[in-house]
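J.: The sequence isn't on hand, but the structure is:
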């Protein structure tokens, strides 16, 4: 792991993939201990984001899903049946995010590092 500004870069030695987590995704990842609830993570985003990060359970779920897809969690994050998936575009609208603020939503970017 390497902190780069507000972002976190994680290298998966087993899969030879590098993952870049923006500030929001990195904050959620740090609290993925198998004990911290989505509600607790939401409160942490609100506290640590100092008002410039969207603190909403749906934002945490977006981060958890991105981290799961990147295989950065020991177990796949699964939403409870009663928590419907909301498309990213709808989250942006519902939270009233525009322009650069929409970039505060969690982003996990993965790159294969193997060379042919």
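T.: All right, it came through fine. Just so it is clear, the model here is predicted, and its values are computed rather than measured.

J.: And the helix or strand bottoming out on mean pLDDT in the chain, what does it pack against?
T.: Lowest by mean pLDDT, DSSP states H and E among the helices and strands of the chain is helix 88-95, with a mean of 72. Packing contacts for helix 88-95, counted by 3 or more C-beta pairs under 8 Å, 6 or more residues apart in numbering; DSSP states H and E, involve helix 57-69. Bear in mind the C-beta positions are built from the backbone N, C-alpha and C, glycine included.

J.: my guess is residue 111 is in a strand, correct?
T.: Yes - counting by DSSP: H, G, I helix; E, B strand; the rest coil, residue 111 falls inside a strand.

J.: my read: it touches residue 17, true?
T.: Yes - in this structure, residue 111 is within contact of residue 17 by C-beta atoms under 8 Å, at 6.6 Å.

J.: out of those two, which sits in the more crowded spot?
T.: Higher neighbour count among residue 111 and residue 17: residue 17, with 17 against 11, using other C-beta atoms under 10 Å.

J.: can you give me the strands in this protein?
T.: Counting by DSSP state E, the chain has strands at residues 2-4, 7-12, 17-21, 108-112.

J.: List the strands paired with the last one, with their directions.
T.: Just to be clear, that refers to strand 108-112. Sheet pairing of strand 108-112 (DSSP bridges) gives strand 17-21 (antiparallel).
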